[in-house]
Structures are given as structure tokens and as C-alpha cells.
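**Q** compute the structure for the input listed below.
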Amino acid sequence: MQDTRHLDPALLPQLQQWNGRTETLHDLITPAPLRAMAATLDRDDPEPVAGTALPFLWHWLYFLPHHRQSEIGPDGHAKRGGFLPPVPLPRRMWAGGRLTWHADHPLRVGQEVQRVSTIESVTHKSGRSGDLLFVLVQHQIRHAQGLALTEEHDIVYRPAAKPGDPTPPPTPADSGAAWQRVITPDDVLLFRYSALTFNGHRIHYDRRYVTQVEGYPGLIVHGPLIATLLMDLLRRHMPHAFVTRFEFKAVRPTFDLHPFQVHGQPSADGKTVRLWAQDHEGWLTMQATATLA
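**A** Residues are numbered from 1 along each chain as shown. Now for the predicted structure:
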């Protein structure tokens, strides 16, 4: 029987041959996705027109994957072995990232943009439930005026869940934040975000798959959606702030079974904002820091 919890040691050097691989995509920043995202986040934004600045993290609405249906794997992602390495571990998650915006060249509606993506590293760790593989991807987004955004994207591959697997102890979320908002992650919200980002990953909309195949208790709220909600909280309270850097890390999965909360706390000097999400039990699920210009 194939061991789905441990990698063949001979495979790691093969996967690391993906280091340095690049992919270049082009897109046009159009207003329709912005209208749809504003509706999904329950915002009453002005109609986006040519020149409208892209809200922070909304660049994830562009450069979407357009794999043919015959190229889709059993989890709803594209079959492995294209730009990303063919990691045999079955569970794939977006674990976090670091983004830097360049104030001289903001992204705006109407711009033709280019994204160059590079596999920076493929690294292995032994976890309590089996092997973990981490893939670090760097994205650079440019338009005619120059470099607008640099992003590092952390992807983690994990073994399938089994009964009795050890789980990391939860971390209590902080209390007493200056800002907070309650989010109800119903099926429609998750479906709309999956549709907006053309994300076919079945853990976000296929309850049978996520519970019976991947072993989770419910649909998983997208990590990028939670990060977007954290940044949206900042925007609601500081609508004119320019964010130069945003770092976020997923700490614990969030499921659609209960409402969750997003929180924000500006620093005393006004230079940073600490942001975090917590589940209905008060456990920390995502932590982030935004640095302001």
C-alpha cells in the first residue's frame, strides 16, 4: 500500500528541481471583478472607473488560473507537475504570505499588468502527522510605470488526515481590540469567493469531499478570503491609509460551521496595524500586520 504520510527520500531532490522555475502571465485590470468583490464583502463602494485604485489584496482577482477541465485533479486544483512541483501529499493549503506595495506605482483600473512568478524554494519538514512540504513562490506585478507589487506566497502540502492524528494546541486570540467585525461564512459567501478567484479547490464548496476525503469537519474558509477581510477591516476604519507591507500567517483552519471574528489594533505611533481572526471559541486562526506609509 502506498504511504501517503511520508515522502520517498529520493523524491525530494526531484521536487527541488522546480527551484527557479518561472511563469509569466498578463492581464487587464477591469472593473467588473471589483464590483463583484465589493458586493461579496457587503461594501457600498463607488462605481469603479478607469483610474480607480485597486483595494489592497484585490489583485487576487486577476491572473486567475484557466486550466482546461481535463487538466483538473481530484481535489479541484489543476493536476500537479506544471508550474508547481508534483508533490504527492494530498492536502494543499495557502499558509500565508508577505506583500510589499510600491507607492510610486499603484495598481489601477484600466492598466495592462504582468505577473512574473518564481519558485523560490521547496523545503521538507517532518511533522507529528507525517511529512510536510513547503513551496515558496514569489510574484512580481508590473505595469507600464514599473513594479507595483512584490508578493511571497507560502504553500504547504500535508498528508491526509487520519483518526487519532495529533493536533497542535490552539492559541487564544487577544481581547480588547479597537476594531472588530463578525463574519458569517455561509456556503454562498464561500462559493462567491471561489467563483471570483476561479478557485476550484473542493474543500471550499464540496461538503462531502471535504469531510469524507480530506477529513475536515466542514467547509474551509479560504485563507486569502480571511486575509482580505482583515485588510477590509482596516479599510473600513482607515479608508485613506496606504499600506506598504502586509504579512499574514494562517494559524488554524476556519470552518463554515460558526461565525468568526476579525479584529484590528493600530499601534500607538500609527505606523502599523495588528490584525487577527478568531473562531467562535476564541482561538486565533490568522495573524497579520499591516505597515502604513
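**Q** ok, the residue nearest to the spatial centre of the chain - contacts?
**A** The centroid of the chain falls nearest to residue 224 when counting by C-alpha atoms, centre = their mean (2.9 Å). The contact partners of residue 224, by C-beta atoms under 8 Å, 6 or more residues apart in numbering, come to 57, 60, 94, 197. All C-beta atoms are positioned from the backbone trio N, CA, C, and that covers glycine.
**Q** in the stretch 101-250 of the chain, what residue spans correspond to strands?
**A** Secondary structure of the stretch 101-250 of the chain by DSSP state E, counting those that start in this stretch: the strands cover 112-127, 130-143, 146-158, 179-183, 243-250.
**Q** re the thing from before, by neighbours, which of the contacts of residue 224 wins?
**A** Greatest neighbour count in those, by other C-beta atoms under 10 Å, goes to residue 57: 23 neighbours.
**Q** OK, contacts around that residue?
**A** 99, 224, 227, 228, 231, 246.
**Q** likewise for residue 203?
**A** 75, 76, 209, 210, 214, 216, 219, 220.
**Q** quick revisit: next, format the contacts of residue 224 as TSV and append distance to residue 150, secondary structure and pLDDT.
**A** As requested, these are exported to TSV (distance: C-beta to C-beta, whole Å; DSSP: H, G, I helix; E, B strand; the rest coil; pLDDT from 0 to 100):
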residue	distance to residue 150	secondary structure	pLDDT
57	14	coil	98
60	15	helix	98
94	17	strand	90
197	20	coil	97
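**Q** of those residues, which is the nearest to residue 178?
**A** Of all the contacts of residue 224, residue 178 sits closest to residue 57, with 20.7 Å by C-beta to C-beta.
**Q** quick one: mean pLDDT over the longest helix along the chain.
**A** Using DSSP state H, we find that the single longest helix of the chain is helix 223-237. Averaging pLDDT along helix 223-237 gives 98.
**Q** ok, stretch 254-264 next?
**A** 97.
**Q** what do you get for stretch 169-187?
**A** 95.
**Q** how long is it end to end?
**A** Using C-alpha to C-alpha, to the nearest Å, the end-to-end distance of stretch 169-187 comes to 28 Å.
**Q** what about that stretch, distance to the chain center?
**A** Its chain's C-alpha centre and that of stretch 169-187 lie 18 Å apart, by C-alpha atoms, centre = their mean, to the nearest Å.
**Q** and stretch 210-223, by the same measure?
**A** 16 Å.
**Q** worst-scoring helix or strand of the protein, pLDDT-wise?
**A** helix 11-15 (a mean of 89; mean pLDDT, DSSP states H and E).
**Q** contact partners of the helix or strand just after that helix?
**A** Sequence-wise, the next helix or strand downstream of helix 11-15 (DSSP states H and E) is strand 22-28. Around strand 22-28, the neighbours that count as contacts under C-beta under 8 Å, 6+ apart are 62-63, 83, 110-119.
**Q** list the buried residues in strand 22-28.
**A** Applying a neighbour-count criterion of 16 or more other C-beta atoms under 10 Å, one finds 25, 27 buried in strand 22-28.
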